[in-house]
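Chemist: Give me the fold of what follows.
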Amino acid sequence: MTISFIRIFFIIGSVIVGFQLGSITGSGFIGAGVALVISGFIVSLERGMRRISVRGLSSAVFGLLLGLIIAKLVSDALEILEPSMAFFTRIISTLVFSYMGMSFALRGREDFSLIIPYVRLRRYEQESDLVILDTSALIDGRVVDICKTKFVAARLVIPRFVLKELQQVADSSDYIKRQRGRRGLDILHSMQKNSPTINLTIHEDDFPETQDVDAKIVRLAKLLDAKVVTLDFNLNRVAEIQGVTVLNINDLANALKPVVYPGEIMEVKLIKEGKEHNQAVGYLDDGTMIVVEDGRRFITQSVRAEVTSVLQTQAGRMIFAKLEQVNSSAKKH
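Modeler: Below you'll find the model as predicted:
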């Protein structure tokens, strides 16, 4: 039973009840019309409330209660000074302080996280840490395999605004972006199918006053005391500056690559020219690039090369090597 069917059933039921009640006074159709308007308004209100998170609702309720308490204190004090205006003073102060309490609570709901029970109870009930995935991590997909290996025992959180950004990428007019977006959606679907092994949660919280998705992710991570999984270099730096722990999948992949040392001999197939004269470039199975000096004449061939140095860069690891003496001398003969 879908939510749309429930809404239709509710409206039809309301119209029938309204018609029956109206028939008692001889105005059945008027009662049905009034019931239709009221039920339509309730359904519209319910659809609008989907954008309101439980945390936001908790903040609003807290602000309302705080406003009512302040209004009661203020109206009682004013009633002592001017008893004849007590009724109007009570109404005005209740409206004003209720509005102000809800507004301040919603505007600064992150500051109320220590008070509002929903936020803290949710944090303590967790058996594992929270990890927020951004769009780049979803498109990359390696986080799925990492979670399946049980090396990361965390609850994965995907914010609704990240899903919206992923959908926009999937609907892009650019073919490459569209394919990347669809790949991300397929990976998300795969993660949901593997729910017994992957603990996945779609988080509804949003920050309408913030337009940038990266900024929203950082705010949500600070609010939930969560870590962020990303491949985005800029998000990585911004999050670290603001004290948010970042798990970069590329850093993990680089850490798991085999360690090589100068003087080590390895076999590599050279596939293209290097930037410098007579250089050739090949790749290991894990994608590590090897630059071989004097290897240009061996392009398309497999050679044995001796490692001379290893360079770690932001893009990954680069290995510099020279042709093994035995190999090169044999080629000359």
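Chemist: pretty sure Val238 contacts Val218?
Modeler: Yes - the pair Val238 / Val218 is scored as a contact, 6.2 Å apart, by C-beta atoms under 8 Å. (C-beta placed from N, C-alpha, C; glycine too.)
Chemist: So which of the two has more stuff around it?
Modeler: Val218 (23 against 18; other C-beta atoms under 10 Å).
Chemist: For the host helix or strand of that one, output the C-alpha coordinates as PDB.
Modeler: Here Val218 sits within helix 213-224, counting by DSSP states H and E. Output of helix 213-224 as PDB, limited to C-alpha atoms (Å, rounded to 0.1, in the frame of the first residue of the first chain):
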ATOM      1  CA  VAL A 213      26.600  20.800  -0.800                       C
ATOM      2  CA  ASP A 214      30.100  20.500   0.700                       C
ATOM      3  CA  ALA A 215      29.300  23.100   3.300                       C
ATOM      4  CA  LYS A 216      26.100  21.200   4.200                       C
ATOM      5  CA  ILE A 217      28.100  17.900   4.600                       C
ATOM      6  CA  VAL A 218      30.500  19.600   6.900                       C
ATOM      7  CA  ARG A 219      27.700  21.100   9.000                       C
ATOM      8  CA  LEU A 220      25.900  17.800   9.300                       C
ATOM      9  CA  ALA A 221      29.100  15.900  10.200                       C
ATOM     10  CA  LYS A 222      29.800  18.400  13.000                       C
ATOM     11  CA  LEU A 223      26.200  18.100  14.200                       C
ATOM     12  CA  LEU A 224      26.200  14.300  14.300                       C
END
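Chemist: which secondary structure elements does that helix contact?
Modeler: strand 129-133, strand 154-159, helix 160-170, strand 227-230, helix 233-241 (3 or more C-beta pairs under 8 Å, 6 or more residues apart in numbering; DSSP states H and E).
Chemist: most tightly surrounded among these?
Modeler: Comparing these by mean neighbour count (mean count of other C-beta atoms under 10 Å), strand 227-230 ranks first with a mean of 24.
Chemist: Note down every partner strand of that strand and its orientation.
Modeler: With DSSP bridges as the test, strand 227-230 is paired with strand 129-133 (parallel), strand 246-248 (parallel).
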